[in-house]
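Enquirer: How does the following fold in three dimensions:
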Amino acid sequence: MRLLDLGYERWPDERIAAHAAVEQRIILTTDTDFGAIAVRRRDVGVVLFRGRSQRPAVMIGMLKALWTSHPSGIAAGTIVVIDNAGIRVRQGPEG
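Expert: Have a look, this model is predicted:
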């Protein structure tokens, strides 16, 4: 679901993160601010696309690879960076 489709495109990042956490959704984004928000909040997961990986066809392929390698999903507080070097998964701090 896209924020634009829901009419949420003007929401502040923190409100988007809070909404995603309540609905137990993962944020897919090119906005690096969400990585810092995920570390701070610990209740929302983020997949961050960087570099050439921002092309839609590449993004879809990399997401398929991510879901294949993590079939149980991405936990809250997890940050995934998908870039030209591949996929890196960083689990958020416990607590």
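Enquirer: What helix or strand is residue 72 located in?
Expert: Counting by DSSP states H and E, no helix or strand carries residue 72.
Enquirer: phi, psi of it?
Expert: Backbone torsions of residue 72, given as degrees, to the nearest 10, read phi -80, psi 0.
Enquirer: swap in residue 32?
Expert: Dihedral angles of residue 32 (phi, psi; degrees, to the nearest 10) stand at phi -70, psi -20.
Enquirer: Find the nearest non-adjacent residue to it, please.
Expert: residue 48 (6.5 Å; Cβ to Cβ, 6 or more residues apart in numbering). C-beta: built from backbone N, CA, C; applies to glycine.
Enquirer: Same question for residue 88.
Expert: Per Cβ to Cβ, 6+ apart, closest to residue 88 is residue 81, 4.8 Å.
Enquirer: Number of residues surrounding that neighbour?
Expert: Other residues near residue 81 number 19, with proximity taken as other Cβ atoms under 10 Å.
Enquirer: before we move on, the earlier item: helix, strand, or coil at the residue nearest to residue 32?
Expert: strand (DSSP: H, G, I helix; E, B strand; the rest coil).
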